[in-house]
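S.K.: for reference, the sequence and a predicted model appear below.
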Amino acid sequence: MKIKNTLSKMKTREREDRKNMIIDAAERVFSNKPFNKVSMREIADEAGMAPSSIYTYFPNQESLFVEATVRDSNRLIDGMEMMFDTAEEAAQVLDRGMEAFIDFISENDSYFRMMVIFMTVGSLNPDSLQKLNEVVRRGFDLFESVFKKMGYTGDTRILAHYFFAMLNGILVTFRKLEGRSDEVIVAHMKRVGKVFRELLEQSVK
């Protein structure tokens, strides 16, 4: 019985590893053009496997795009939550969460480029949109909880939308500054982001 359970766990792990390999490959391809302009053959070539193997896990390109987005967005939110848990003061909470966001995007360039392309030219069917909206709401809920801790009494949902748009704007504007090292760019983006926290603190006071 123990051997059977061990083999079952190994097969499950192998299946998950293969699935993640496909998602990683798709994300790299989606970072260069919209998912609806990508063929399964392109993803298969990037993953180093036959297209038929991909269809075992995903029925089409859109399902792959949604899976990649949900997976990495949840990783991002998980990382932000961990940073929030280690902070003591409300201002620290916001700074740490913002830094976690910028660090994650800086380290996962394909994910960010994929999302930028989608936000400018993408569209999803209702089922896919619902899955994507669930993870987006999770992020906004997290932002709202921080603003409430800081004592903000206005519309925290709208502020969460603004905060998300602001962070993405910073990344689009400064992520690829010519002649600067990654360390300098990341540090600069964090400094720019902290202006939001300073303004929010002033409005609360």
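M.R.: Structure's in. What do you need?

S.K.: which residue is nearest the centroid of this structure?
M.R.: Among the residues of the chain, the one closest to the centroid is S73, at 3.2 Å (Cα atoms, centre = their mean).

S.K.: ok, now which ones touch that one?
M.R.: V135, V136, G139 (Cβ atoms under 8 Å, 6 or more residues apart in numbering). C-beta here means a position set from N, CA and C on the backbone, and glycine is covered the same way.

S.K.: could you export these as a markdown table, including distance to A25, neighbour count and pLDDT?
M.R.: A markdown table is the format used below for the contacts of S73 (distance: Cβ to Cβ, whole Å; neighbours: other Cβ atoms under 10 Å; pLDDT from 0 to 100):
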| residue | distance to A25 | neighbour count | pLDDT |
| --- | --- | --- | --- |
| V135 | 21 | 18 | 94 |
| V136 | 24 | 17 | 92 |
| G139 | 25 | 18 | 93 |
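
S.K.: need those in CSV (columns: secondary structure and distance to I22).
M.R.: Formatted as CSV, the contacts of S73 follow (DSSP: H, G, I helix; E, B strand; the rest coil; distance: Cβ to Cβ, whole Å):
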residue, secondary structure, distance to I22
V135, helix, 19
V136, helix, 23
G139, helix, 25
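
S.K.: any idea how far the residue nearest to the centre of the chain lies from K33?
M.R.: In this view, S73 and K33 are 20 Å apart by Cβ to Cβ, to the nearest Å.

S.K.: what's the answer for D85, then?
M.R.: Distance from D85 to K33, by Cβ to Cβ: 38 Å.

S.K.: quick one, which of these two is more surrounded?
M.R.: Set side by side, D85 and K33 show more neighbours around K33, with 13 against 9, by other Cβ atoms under 10 Å.

S.K.: the more buried one against V116, yeah?
M.R.: No - assessed by Cβ atoms under 8 Å, K33 is found out of contact with V116, at 11.8 Å.

S.K.: what comes up buried for the helix or strand harbouring S145?
M.R.: Taking DSSP states H and E as the criterion, S145 maps to helix 126-149. By 16 or more other Cβ atoms under 10 Å, the buried positions in helix 126-149 come out as S128, L132, V135, V136, G139, F140, F143, E144, V146, F147.

S.K.: swap in stretch 27-38?
M.R.: E27, R28, V29, F30, S31, P34, F35, V38.

S.K.: before we move on, what about stretch 101-117?
M.R.: By neighbour count on 16+ other Cβ under 10 Å, the buried set for stretch 101-117 is 101-106, 108, 110-117.

S.K.: the buried residues of stretch 27-38 in helices, which ones?
M.R.: If you go by DSSP state H, those have E27, R28, V29, F30 in helices.

S.K.: ok, the last one - contacts?
M.R.: Contacts here follow Cβ under 8 Å, 6+ apart; on that basis F30 touches V38, F65, A68, S110, M114, I117, F118.

S.K.: swap in 7 Å and give it another go.
M.R.: V38, F65, A68, M114 (Cβ atoms under 7 Å, 6 or more residues apart in numbering).

S.K.: could you work out the most separated pair of these?
M.R.: Farthest pair in those (Cβ to Cβ) is V38 and A68. Separation: 11.7 Å.

S.K.: so, low pLDDT: which residues of the protein?
M.R.: Along the chain, the model assigns pLDDT under 70 to residues 1-11, 86-88.
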